[in-house]
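Student: below: sequence and its predicted model.
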Amino acid sequence: MVSQEQRRRQLAREKFLRQQQRRTEARRKARLRNSVIASVLGVVVIGSVALYTTGVLKDDGDKKENASAEVTPSASPTSKAPDPCAKPAAGSVQKLSWKKEPAMTIDTSAKYTLKLATTCGDIGIALKTSAAPHTVNSFDFLAGKGYFDHTKCHRLTTQGIYVLQCGDPQGTGMGGPGYTLPDENLKDKSLKNNTYPAGTVAMANTGQKHTGGSQFFLVYKDSPLPPSYTPFGTIDAAGMKVLSKIAAAGESTGAGDGAPNATVVINKATVSKS
């Protein structure tokens with residue numbers, strides 16, 4: 001027969017095991033959420049915000065899909081600022097996926113621009129074709145397929161690093177095109193002192209080499225990051241004003257890393273050769 005003391009100890013052990021299981025599961029889910037960024041963690045801690053971007057910036061399971069999420073300190077959401085953006089255009093996100101990177105079809109010696117017609121205004125991006133040909137070719141391919149149309153920019157960071165993250169058709173930080181891209185242009189002259197300057201557009205990744213997909217981030221203020229994310233474009237002046245408007249509206253958690261309060265939807269993405 002089991003004594004009361006033995007029974008008490010058994011219940012205590014079972015309670016402890018349940019707690020450990022819940023903590024393990026919580027850590028597993030946090031790793032899945034984690035994202036603009038993996039090696040960002042060590043850099044952004046300086047700014048008191050720990051960001052782990054596994055897709056800008058984690059990849060879940062299949063390394064061919066970008067995932068971005070974050071671990072943030074607990075904080076009560078603050079009241080939202082007024083939404084400065086318009087309602088999204090009619091239409092829905094297409095569910096598209098490919099098994100391999102598209103064949104090279106762009107002219108690597110030519111100039112290309114990416115236009116993001118968003119609910120908050122147009123963002124023009126001069127693409128670094130010769131320095132990041134695989135990335136630019138992929139964007140040309142995806143934009144031509146309507147891959148980015150009607151997708152949300154799902155993440156805004158306002159502490160430590162200052163970026164708007166887009167390019168996930170799922171709007172969760174877990175989506176991607178089904179293929180990965182090689183890292184490119186990591187020695188770009190603009191990346192000085194482990195900083196991505198305002199106006200930079202770069203690829204999110206899983207924290208591992210050559211794991212970019214479709215997610216990308218737009219830097220609206222100089223951000224301390226290691227040179228691990230392919231810089232492939234520069235935002236024009238009008239686009240920076242749009243980003244400033246989005247950033248001023250804040251993000252949903254009040255902790256500096258969450259969904260933007262502004263309704264940021266890419267109505268149409270277009271790549272043009274000039």
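Tutor: That came through, no problem.
Student: pretty sure Y179 is in a strand, no?
Tutor: No. Applying DSSP: H, G, I helix; E, B strand; the rest coil, one finds Y179 to be coil, outside a strand.
Student: which residue is the nearest non-sequential neighbour of it?
Tutor: Nearest residue to Y179, sequence neighbours excluded (C-beta to C-beta, 6 or more residues apart in numbering): E101, at 4.7 Å. For every residue, glycine as well, the C-beta is placed using N, CA and C.
Student: let me see the confidence value for that neighbour.
Tutor: Here, the pLDDT recorded for E101 equals 98.
Student: what's it in contact with, if anything?
Tutor: Neighbour list for E101: H134, S138, Y179, T180, L181 [criterion: C-beta atoms under 8 Å, 6 or more residues apart in numbering].
Student: hmm, F232 and the last one touching each other?
Tutor: Right, the one you point to is L181. No. L181 is not in contact with F232 according to C-beta atoms under 8 Å; the separation is 9.7 Å.
Student: what is in contact with those two at once?
Tutor: T135, M203.
Student: these two: who's more crowded?
Tutor: Neighbours per residue (other C-beta atoms under 10 Å) separate L181 from F232, with F232 holding more: 28 against 23.
Student: once you drop chain neighbours, what's closest to the more buried one?
Tutor: Among residues not flanking F232 along the chain, A132 sits closest, at 4.0 Å (C-beta to C-beta, 6+ apart).
Student: what number of residues lie near the one you found?
Tutor: Using other C-beta under 10 Å, A132 is surrounded by 27 other residues.
Student: next, the buried residues of stretch 124-137.
Tutor: Across stretch 124-137, burial judged by 16 or more other C-beta atoms under 10 Å covers 124-129, 131-137.
Student: strands - which of these land there?
Tutor: Secondary structure defined by DSSP state E assigns G124, I125, A126, L127 of the buried residues of stretch 124-137 to strands.
Student: now these as a markdown table including pLDDT?
Tutor: Shown next, in a markdown table, are those (pLDDT from 0 to 100):
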| residue | pLDDT |
| --- | --- |
| G124 | 98 |
| I125 | 98 |
| A126 | 98 |
| L127 | 98 |
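Student: measure the residue nearest to K145 when sequence neighbours are not counted to S190 for me?
Tutor: Distances taken as C-beta to C-beta, 6+ apart place L96 nearest to K145, at 6.0 Å, with adjacent residues excluded. Between L96 and S190 the computed distance is 32 Å (C-beta to C-beta, to the nearest Å).
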